[in-house]
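[1] Here is my input, please return the structure:
(chains A and B)
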Number of protein chains: 2
Amino acid sequence: MSDMRERVVVTEVGMRDGLQSIARTMPTESKRRWIDAAYAAGMRHMEVASFVPARLLPQMADADEVIAHALGYRDLIVTALVPNLKGAQRALECGVHRIVAPISVSTAHSLANVRKTPAEMIDAFAAMREAIDSAPGSSTRRVELIAGLSTVFGCTLQGAVPYEDIAAIARDALHAGADVIALGDTTGEATPRQVGEIIEIVRGAAGDKLRSLHLHDTRGLALANTLIGLQHGIREFDASLAGLGGCPHAPGATGNVNTEDLVFMLESMGYETGIDLTRLIASRAVLADALPGEPLYGYLARAGLPKQFAASRQIESSPSSCSQVLQ
Amino acid sequence: MSDMRERVVVTEVGMRDGLQSIARTMPTESKRRWIDAAYAAGMRHMEVASFVPARLLPQMADADEVIAHALGYRDLIVTALVPNLKGAQRALECGVHRIVAPISVSTAHSLANVRKTPAEMIDAFAAMREAIDSAPGSSTRRVELIAGLSTVFGCTLQGAVPYEDIAAIARDALHAGADVIALGDTTGEATPRQVGEIIEIVRGAAGDKLRSLHLHDTRGLALANTLIGLQHGIREFDASLAGLGGCPHAPGATGNVNTEDLVFMLESMGYETGIDLTRLIASRAVLADALPGEPLYGYLARAGLPKQFAASRQIESSPSSCSQVLQ
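    Down below sits the predicted model:
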């Protein structure tokens, strides 16, 4: 592989979105081991925690410790999710590089999730911007503020979300100081044509500040949707190792797009992710050890790397063969 | 939905590829019920059997009876797979509309699968063409002969398959009388960029005789690959209800692309499949009844139709909701 391959950033969000979506709490030491294993596989962007009251999300009570560990890797970009100003202040104190604040486009979801309307979330977002810009050291080390637009592709509460609402919220978020707009398929309803249309709508409002997609694989379309994102110029994607997650309140929901499968697709298409797939697959052992019985998803981990892919990179492929399939 | 939507043909191949890939044999009566349920859901193309010696594939021993049942539906296009001239003759006697003959591009796979080289399979294919054209009634009712190019996207035995070999086999198949060229990802190794490249290579050799894709979902890329096929003009896709299949000789392999998930993606993108998703999902009960304990795959069946999709067609959606996901 030459160095001419185009770079795509994959952010591992399993330590945040994956872990917050399962019932039990992963011990801090296991989170550290997960970060270590992901880093060893080449992952350089991780969303490792959220600052949500521990009574609501006990899974994230150790956010400070987990972030401190991640920051031990000097070239690792560390992100935290925050729902409000107080969370942003805590994240800043911890020294994260990126703060993502979710802003629901659906009012019904926004009220259910953070008890604020989208407009109130925009106000809170502007306050976060101010907190970032007035934080000690902000003149030399700029923390990125990401508007994580959620329920963009549909809402289980309100149904379809009008495109004009999405564009309006994107504009408002930029006006309130967003460095980056990310589009989140919170409810796993995104479909390929719609993804392309919405990217173009939001790009019209936000230009190249629209940078990343946060997809769930609820209906098996996360990789197809990723493909459309790539075709429409997106080069940053969130993902969870082993597709960890789902939603305790939605029996059919699944987690984020699977990191291993996403990286395989990207690498197979010639994109450079910097991630070693063999090590990435091996890192699932951390989850298996720390969360026994928790379902771990993923096609690649089950099937192995194809012989031709492995050969092109001189790594070990799946030993399986199948000579009896007729077509 | 208007009548202006572009048509995409989905062929249910679970009765052939799905059933031949699992260890046990589905009773003939259950196969009839499956055909009935698929027809009731709007499916009008089915590959219902193969003519392979019963000692090799006992699952297909009742091919004649199953085809006779399918032919009871006057507007159902009935396909059978045949590995050789004798199979083609039996399929003709049964009155199928389409015969698909697999031709491996990989010599290693071809020898393992049908004990013939690709060149020998082309000779057999030419003989099938002759049998079709000289069959009684052939002047008034033309049976379509489909060259099912297999191991096109990679071979577990030989690894990568050179693009020039694929184009050469496509040309040879056309020369031998193929009405249609179909590309099969026998081993589940296809990746999106490669799918686009290979379609263009084969179209250069076969023009609009290149018509369909037969994808397996071994590495979770079947829908992304379908999307690329659509973008490159393909409008026919094979699929298996509940993703039935896999390969008894390859522990990691999975079956064909899941029919329900494929139809959902197509319909969500505005294509017209003629298939009712609610009835299609309900038809999985036939498999659950006839093959207890057999794994049934599929995202849509688990998550349900999104509220916005259901609303657009006034059908029942999944009752699940999820208000606690932060992004």
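
[2] How many residues are close by the residue nearest to A:Ser110 when sequence neighbours are not counted?
    Once flanking residues are discounted, A:Ser110 sits nearest to A:Ser104: 3.6 Å by C-beta to C-beta, 6 or more residues apart in numbering or on different chains. Glycine gets a C-beta too; all of them are placed from N, C-alpha and C. Using other C-beta atoms under 10 Å in any protein chain shown, A:Ser104 has 30 neighbouring residues.

[3] again, but for A:Asn256
    By other C-beta under 10 Å, neighbour count at A:Asn256 equals 32.

[4] can I get the CA coordinates of the longest helix along chain A in CSV?
    The longest helix of chain A (DSSP state H) is helix A:118-134. This file holds the C-alpha atoms of helix A:118-134, laid out as CSV (Å, rounded to 0.1, in the frame of the first residue of the first chain):
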residue,chain,number,x,y,z
PRO,A,118,-33.7,22.3,20.6
ALA,A,119,-33.6,26.1,21.0
GLU,A,120,-32.7,25.7,24.7
MET,A,121,-29.9,23.3,23.7
ILE,A,122,-28.6,25.8,21.3
ASP,A,123,-28.4,28.4,24.1
ALA,A,124,-26.6,25.8,26.3
PHE,A,125,-24.3,25.2,23.4
ALA,A,126,-23.4,28.9,23.1
ALA,A,127,-22.6,28.9,26.8
MET,A,128,-20.3,25.9,26.3
ARG,A,129,-18.5,27.8,23.5
GLU,A,130,-18.0,30.7,25.9
ALA,A,131,-16.7,28.4,28.6
ILE,A,132,-14.2,26.8,26.2
ASP,A,133,-13.0,30.2,24.9
SER,A,134,-12.6,31.6,28.4
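
[5] Could you check the next helix or strand after that helix against chain B for contacts?
    As assigned by DSSP states H and E, the chain's next helix or strand after helix A:118-134 is strand A:144-150. Yes - applying C-beta under 8 Å from any C-beta of the partner chain, one finds strand A:144-150 touching chain B at A:Gly148, A:Ser150.

[6] Poorly predicted segments of chain A, please.
    A:1-3, A:246-253, A:314-327 (pLDDT under 70).

[7] Which residues of the stretch 101-250 of chain A lie near chain B?
    Residues of the stretch 101-250 of chain A lying near chain B (C-beta under 8 Å from any C-beta): A:102, A:109, A:112-113, A:148, A:150, A:154-157, A:159-160, A:184, A:186-189, A:191-194, A:214, A:217-221, A:223-224, A:226-228, A:247-250.

[8] Buried only: go through these for me.
    Buried subset of those (neighbour count, 16 or more other C-beta atoms under 10 Å in any protein chain shown): A:102, A:109, A:112-113, A:148, A:150, A:154-157, A:159-160, A:184, A:186-189, A:191-192, A:194, A:214, A:217-221, A:223-224, A:226-228, A:247, A:250.

[9] Just those: which are in helices?
    Those of these lying in helices (DSSP H): A:His109, A:Ala112, A:Asn113, A:Pro192, A:Gln194, A:Leu223, A:Ala224, A:Thr226, A:Leu227, A:Ile228.

[10] of all those, which two lie farthest apart?
    Across those, no pair lies farther apart than A:Ala112 and A:Leu227, at 31.1 Å, counting by C-beta to C-beta.

[11] tell me, what residue is most central in chain A?
    Centroid-nearest residue in chain A: A:Asp238, 2.8 Å away (criterion: C-alpha atoms, centre = their mean).

[12] Would you reformat the ones in helices among the buried ones among the residues of the stretch 101-250 of chain A next to chain B as TSV and include distance to A:Arg302?
    TSV is the format used below for those (distance: C-beta to C-beta, whole Å):
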residue	distance to A:Arg302
A:His109	33
A:Ala112	35
A:Asn113	33
A:Pro192	24
A:Gln194	29
A:Leu223	15
A:Ala224	19
A:Thr226	20
A:Leu227	21
A:Ile228	25
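
[13] Looking at those residues, spot the one nearest chain B.
    The closest of those to chain B turns out to be A:Ala112 (C-beta to the nearest C-beta; 3.6 Å).

[14] hang on, isn't that closest one packed against A:Leu157?
    Yes - look at A:Ala112 against A:Leu157 with C-beta atoms under 8 Å: they come within range, at 6.5 Å.

[15] could you measure the residue nearest to A:Ser110 against A:Val114, distance?
    8 Å (C-beta to C-beta, to the nearest Å).

[16] just A:Leu145 next, same as before
    Distance, A:Leu145 to A:Val114, by C-beta to C-beta: 17 Å.

[17] do A:Arg74 as well
    33 Å.

[18] Between those two, point out the one with more neighbours.
    Set A:Arg74 next to A:Val114 and count neighbours by other C-beta under 10 Å: A:Val114 wins out with 21 against 5.

[19] Could you check what's spatially nearest to the more buried one, not counting adjacent residues?
    Per C-beta to C-beta, 6+ apart, closest to A:Val114 is A:Pro83, 5.1 Å.

[20] Tell me how many other residues surround that neighbour.
    23.

[21] Now do it against B:His232, distance only.
    43 Å.

[22] which residues do A:Ser104 and A:Val114 both contact?
    A:Met121 (C-beta atoms under 8 Å, 6 or more residues apart in numbering or on different chains).

[23] what are the ranges of the strands in the stretch 201-327 of chain A?
    A:210-214, A:236-239 (DSSP state E, counting those that start in this stretch).

[24] could you redo those strands as TSV and give each row distance to A:Pro295?
    Listed next are those as TSV, based on distance: least, C-beta to C-beta, whole Å:
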stretch	distance to A:Pro295
strand A:210-214	21
strand A:236-239	17
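
[25] And the nearest residue to A:Asp289 once chain neighbours are set aside, its phi and psi?
    Leaving aside its sequence neighbours, A:Asp289 sits nearest to A:Ser30 (C-beta to C-beta, 6+ apart; 7.3 Å). Dihedral pair for A:Ser30: phi -70, psi -40, per degrees, to the nearest 10.
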